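Participant: Structure for this input, please:
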Amino acid sequence: MKLSCISALINTLITALLLSSCYQPNKITPDAPDWLKTVDEEVHKLGSFNWIIIAEPSFPALSRSGVTTITTPVTTPEALYGVLQSIDSHNHVRPKIHLTREADAVVETDTPGINTFRAQLKHVINERDTQTLTNNTLKLLITDARKNYRILVIKTTTSLPYTSVFLELESGYWDGTHETTLRNRLTR
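Facilitator: The predicted structure follows:
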């Protein structure tokens, strides 16, 4: 095994151990970091059609009311883990996870660390469904959502291109299937 592969594997294992020991599942503890407590307070306020963006440092500062930005001292996978734990601890919303299509095309030779990042992100996302859209499409969705809904931007320390993760919030107790059934029932 090459030294870089061993190093990537060790980094992935260390991150997994740190992530699994830092937070209790589905509960933000009183001793959680301040940024995570703030995220949890914000998640409690958010609802359907709101967005949470776990962003790389170069993500633009959005300049419209209804946008809250939190800067963290952690990587994108660590922030995503904390955000998902917060969302899971509230039953009123659930995330629809969007990743950028461009992230799949970024290669290790151009961007050292991208393979380790991908492994860490996959571990955090676990079995959750994801959708992949172009970065421009996601920007358009955010621009449109900013007109009427709140956006929470969480800036991380991950300095890798196209690694922002976009969470579109949906109702945690009502889904599209139930909504369609209700609408059909109302038209009878």
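Participant: Over to Glu168. Which of the three states is it?
Facilitator: The three-state label given to Glu168 by DSSP: H, G, I helix; E, B strand; the rest coil is strand.
Participant: Need the phi and psi values for the closest residue to it other than its chain neighbours.
Facilitator: Spatial nearest neighbour of Glu168, chain neighbours left out: Lys96 (4.3 Å); criterion: C-beta to C-beta, 6 or more residues apart in numbering. C-beta coordinates here come from the backbone N, C-alpha and C atoms, glycine included. Summarising the backbone geometry of Lys96 under the convention degrees, to the nearest 10, its torsions are phi -110, psi 110.
Participant: I figured Lys96 hits Leu167, correct?
Facilitator: Yes: the pair formed by Lys96 and Leu167 meets the contact definition of C-beta atoms under 8 Å, at 7.0 Å.
Participant: Pick out whichever of those two has more residues nearby.
Facilitator: A count of neighbours by other C-beta atoms under 10 Å puts Leu167 above the other of Lys96 and Leu167, at 24 against 14.
Participant: who touches that one in this structure?
Facilitator: Contact analysis of Leu167 by C-beta atoms under 8 Å, 6 or more residues apart in numbering lists Trp51, Ile52, Ile53, Ile54, Val83, Ile87, Pro95, Lys96, Ile97, His98.
Participant: try Leu121
Facilitator: Counting by C-beta under 8 Å, 6+ apart, Leu121 touches Thr76, Pro77, Leu80, Thr163, Val165.
Participant: from the residues you listed, which two are the most distant?
Facilitator: Of all pairs drawn from these, the one with the largest separation by C-beta to C-beta is Leu80 and Thr163; the distance is 10.3 Å.
Participant: Just the residues contacting stretch 73-84, thanks.
Facilitator: By C-beta under 8 Å, 6+ apart, the residues outside stretch 73-84 that reach it are 15, 18-19, 22-23, 28, 32-33, 35-36, 39, 43, 52, 54-56, 72, 95, 117, 120-121, 123-125, 128, 154, 156-158, 163-165, 167.
Participant: now swap in stretch 47-55 and tell me
Facilitator: Contacting residues not belonging to stretch 47-55 are listed as 43, 46, 59, 76, 79-80, 83, 92-93, 95, 141-142, 145, 148-156, 164-171 [C-beta under 8 Å, 6+ apart].
Participant: Thank you kindly, that will do.
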